[in-house]
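Student: got a sequence here, can you build the structure:
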Amino acid sequence: MTSRMVGEAVKRVEDPRLLVGAGRFLDDLGQDAAELAVLRSPHAHARITDIDVTAALEVQGLLAIYTYEDLTGPLADPLPLLIPHPAISAGRTQYALAKDEVNYVGEAIAVVVAENRYLAEDAVERIVVSYRPLTPVVGVQAARAADHLVHEDAPGNVAAHFVQEVGDAAAAIAAAPFRLELELAIERSASTPLEGRGVLAQWDSDSQRLRMWTSTQTSTGVRAAVAAKLGLDLGRVEVITPDVGGGFGVKIVHPWPEEVLVPMAARALGRAVKFTEDRREHFISAAHERGQLQQIEVGFDATGRILGLSVRFWHDNGAYLPYGLIVPIITSTQLLGPYKPGAYRVEFDSLYTNTVIVTPYRGAGRPQGVYAMERTLDAIASELGLDRSEVRATNFIQPSEMPYDHGLIFQDGRPLVYDSGDFPATLAKLKALVGWDDWPAYQAAARAQGRQVGLGLACYVEGTGVGPYEGGHVQIETSGRVKVATGLTSQGQGHQTAFAQIVADELGVSMDDIEVVTGDTRRFPYAVGTFASRAAVTSGSAIALAARMARRKVLKVAADALEANPEDLEIVEGMVRVKGAPGVAMSLGTVAVLSNPLRYAFDEASKAATQFVVGDSDLPPVNEDDEPGLEGRDYYSPLRSTFANGMHAVIVETDPETAEIKILRYCVVHDCGTLINPLIVEGQVHGGVAQGVGGALYERIVYDDAGQLQNASFMDFLMPYVSEVPESIEIDHLETPSPLNPLGIKGAGEAGVIPSAAVFASAISDAEGFAITAMPISPSDLFELRRRHAGTDGHNESIAKKEPTR
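Tutor: Numbers count the residues shown, from 1 in each chain. Next comes the predicted model:
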């Protein structure tokens, strides 16, 4: 019997090819293509008064120069605001090439196409642009002050103002026996995938068709955007996503200026054109995330139960708003985590600044929300002298309350309703894993030795599997092999492995006989994309449904051939056989031959499907309710998001002299419903934790007052090496299947990074005895905090601990 594959820790089938250097990334393609380089603004805010390309025209090998004046039709319009929202009062997006004004350092002004990148860069350097500098707005505080405006028609620098409220939070807080106020901050960061953005386009003048390759998280989205901008029918545009060296959200934005300019140039020049982003370009012209200022008011009782919670925050969305309000909406809703405050009000402003745009980065607003809530709960525990874990447990939604409706609207426009979860069980697992109850003795012993150690705890809930849909196509070949296609793209998630595991179970075939293709609009033209921990939920479910459709046809065709009832058949190891009579059987390949009535025989196998061999002369060869071949195509469209959850604990040691922060242990308990492949899920958690360590302790984007990025290289933008990431990440799982999809799956891709700022702030606060209210935190930051707190008892802070704590 074929063993069940879903739930097995199968090694990724993608890895051998990638590990031996056989991957095909964007820059590996189009070696003979002309290349495009971009002239980018050196100013954060300025009017363009003149562009002189005369000197650039002398560069040998130059093919074309384009400025805004060369753009026509839809190309001359601003790039799309991808996700409109009624709260957006001043939605502004950039032009593919700047028109009259630039609003951040790195904004594209002109592009040059030449025989190679070197010549294109030479020509870029010869273009002379005259500017009239304007005062830039840098940072949330400057945007709030609004002494200067990023866009003249966006009063107060406000792109959007949004409020959601359940109950009367102000009244609940005012009536509560205990009240606290907190001010918190999270600085900007960037996802910095190993591979930056890249585009290759080829125009076929005979067929009037465009073929593109792009390093994206949404090949179908790029296809639609490019067709619209170039005035082409959708069917004339093909987009293929090759191997992608990381996305983390930055590549879900579409179209980037280069994604319309490269195909524009390819069509105009009649030859292939390629753009490959360099590292500095990625820092100054891609996307950032995270930056927020937060104010929190909370009212609670003597047990720590939250009676009222009011959150006000300001979100830095950069110079433009291409991805709408997704990040701050997620912050405002996912802030609630596994808890049920008595009344809740959240209000935010999304603000323009003269800096790089802000779009989702792994976690996508959740790290900020979890940070706000978990700092609040630690503050409550400190104020009341209670165990931090008990305060959390007091506020948990209980399993018996599922599904739990928060009364809010989530980022997908659907109600914020948790579908499943057992938060008390998750916390119990985490406490056992980290040794929570033994912590006071351990901390006291360490302090007796002159060591400063702290234990942090953070809980989160993650909305995953957002719609609107994904599809799957499953086809059984006459060889017995199975071809699977889905439209979303892959950037290292292990889709080829996980989706093959699903199909192996549904069709009773070996994974070795299954081939999975993603991100190719020629194979599957309708899809949404890979983001928001949605691939397994949406495409996985669609592929399962498509495989079940193919399975039903297999059993129908085989039943006719074997003169059996379909209900009496089973598929085992690629053979369709009668239950209890394994000798009465035929291979899937033979069934595939029989499923396609033939006039001509091409080989020995196909003779079995020709007109004088099979068929009932009283019936048409293909019935009205049937079609040739063994294949299934289906779509999964979720009613609403599924909600994964997890809890992290970290033990840190802070050096008494240098303030260096060392990670001693890191523990994770995660619930993503049915586990397709525990090995892949643990890999996702490991990668997320590593990224979370970077975001909490090392990585920050630093602008000066003039809007110049000060650390636009890996020399200056600190990322953790393997020496800074925990040597061992201890993981346990809880499975509470989702009732919303056929496999019970919830997403897992972003889980590792979500609670990072919160859990490290909690641990460092515990080690130091004073509140950590701004993240990320470096040794120099901590050293300065110690200096400020020297000689005080810490009671002016909302979180103060002097004795060993839990």
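
Student: what's the burial count for residue 22?
Tutor: Neighbourhood size, residue 22 [other CB atoms under 10 Å]: 9. (Glycine included, C-beta is placed from N, CA and C.)

Student: swap that for residue 400, please
Tutor: 7.

Student: kindly report the same for residue 49.
Tutor: 10.

Student: ok, residues contacting the helix or strand hosting it?
Tutor: If you go by DSSP states H and E, residue 49 is part of strand 46-52. The contact list for strand 46-52 (CB atoms under 8 Å, 6 or more residues apart in numbering) reads 67, 98, 100-102, 109-110, 127-134.

Student: try it again with 10 Å
Tutor: 39, 41, 65, 67-69, 97-103, 105, 107, 109-110, 126-134, 136, 354 (CB atoms under 10 Å, 6 or more residues apart in numbering).

Student: domain map for this protein?
Tutor: If you go by automatic domain parsing, the domain ranges for the chain are 32-134+191-285, 292-408+419-466+639-789, 467-636.

Student: the nearest residue to residue 632 once chain neighbours are set aside and residue 198, how far apart?
Tutor: Closest residue in space to residue 632, ignoring its immediate chain neighbours: residue 549 at 3.0 Å, by CB to CB, 6 or more residues apart in numbering. Plainly put, residue 549 is 36 Å away from residue 198 if you go by CB to CB, to the nearest Å.

Student: between these two, which has more neighbouring residues?
Tutor: Between residue 549 and residue 198, residue 198 has the larger neighbour count (other CB under 10 Å), namely 26 against 19.

Student: who is that one paired with across the strands?
Tutor: Taking DSSP bridges as the rule, residue 198 bridges to residue 276.

Student: kindly report the same for the one 5 residues further on.
Tutor: Partner residues in beta bridges with residue 203: residue 210, with DSSP bridges as the criterion.

Student: okay, buried residues for the biggest helix by length in the chain please.
Tutor: Among the segments of the chain that qualify as a helix by DSSP state H, the longest is helix 535-562. The neighbour-count check on helix 535-562 (16 or more other CB atoms under 10 Å) flags 535-547, 549-551, 553-555, 557-559, 562 as buried.

Student: same thing with stretch 618-635?
Tutor: Judged by neighbour count (16+ other CB under 10 Å), stretch 618-635 contains these buried residues: 621, 630, 631, 632, 633, 634, 635.

Student: end to end, how far does it reach?
Tutor: Stretch 618-635 stretches 35 Å from its first residue to its last (CA to CA, to the nearest Å).

Student: could you give the mean pLDDT of it?
Tutor: Mean pLDDT, computed over stretch 618-635, is 87.

Student: how far does that stretch sit from the chain's center?
Tutor: Taking CA atoms, centre = their mean, to the nearest Å, one finds stretch 618-635 lying 38 Å from the centre of the chain it belongs to.

Student: restricted to buried residues, select the contacts of strand 46-52 in PyMOL.
Tutor: Here is the PyMOL command that picks out the buried ones among these, judged by 16+ other CB under 10 Å:
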select buried, resi 39+41+65+67+68+97+98+99+101+102+103+105+107+109+110+126+127+129+131+134+136+354
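
Student: helix, strand, or coil at the most centrally placed residue in the chain?
Tutor: Geometric centre of the chain, nearest residue: residue 531, 3.9 Å, by CA atoms, centre = their mean. Following DSSP: H, G, I helix; E, B strand; the rest coil, the label given to residue 531 is coil.

Student: so it touches residue 247, yeah?
Tutor: Yes. Using CB atoms under 10 Å, residue 531 is in contact with residue 247, at 8.0 Å.

Student: setting aside sequence neighbours, what's the nearest residue to residue 77?
Tutor: Looking at residue 77 with CB to CB, 6+ apart, the closest residue is residue 95, at 7.7 Å.

Student: could I get the buried residues of stretch 618-635 as CSV with distance to residue 650?
Tutor: Below are the buried residues of stretch 618-635 laid out as CSV (distance: CB to CB, whole Å):
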residue, distance to residue 650
621, 66
630, 51
631, 49
632, 45
633, 46
634, 42
635, 41
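
Student: just give me the closest of these to residue 350.
Tutor: Set against residue 350, the nearest of the buried residues of stretch 618-635 by CB to CB is residue 635 (32.6 Å).

Student: just to revisit the earlier point, among the domains of the chain, which is the most enclosed?
Tutor: domain 292-408+419-466+639-789 (a mean of 22; mean count of other CB atoms under 10 Å).

Student: if we can go back for a sec, what do residue 531 and residue 247 both touch?
Tutor: Counting by CB under 10 Å, 6+ apart, the common neighbours of residue 531 and residue 247 are 217, 218, 362, 489, 491.

Student: inside strands: which ones of those residues?
Tutor: Applying DSSP state E to the shared contacts of residue 531 and residue 247, no entry is found in strands.

Student: looking at those residues, spot the one nearest residue 186.
Tutor: Taking the shared contacts of residue 531 and residue 247 together and measuring to residue 186 by CB to CB, the closest member is residue 362, at 14.4 Å.

Student: grab the CA positions of stretch 267-275 and hand them over as PDB.
Tutor: Presented in PDB, the C-alpha positions along stretch 267-275 are these (Å, rounded to 0.1, in the frame of the first residue of the first chain):
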ATOM      1  CA  ARG A 267       8.600  46.200 -28.200                       C
ATOM      2  CA  ALA A 268      10.000  49.500 -29.500                       C
ATOM      3  CA  LEU A 269      13.400  48.100 -30.300                       C
ATOM      4  CA  GLY A 270      12.300  44.700 -31.600                       C
ATOM      5  CA  ARG A 271      14.800  42.800 -29.400                       C
ATOM      6  CA  ALA A 272      15.100  41.300 -26.000                       C
ATOM      7  CA  VAL A 273      15.800  43.800 -23.100                       C
ATOM      8  CA  LYS A 274      16.800  43.000 -19.600                       C
ATOM      9  CA  PHE A 275      17.100  44.800 -16.300                       C
END
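
Student: all good on my end, thank you.
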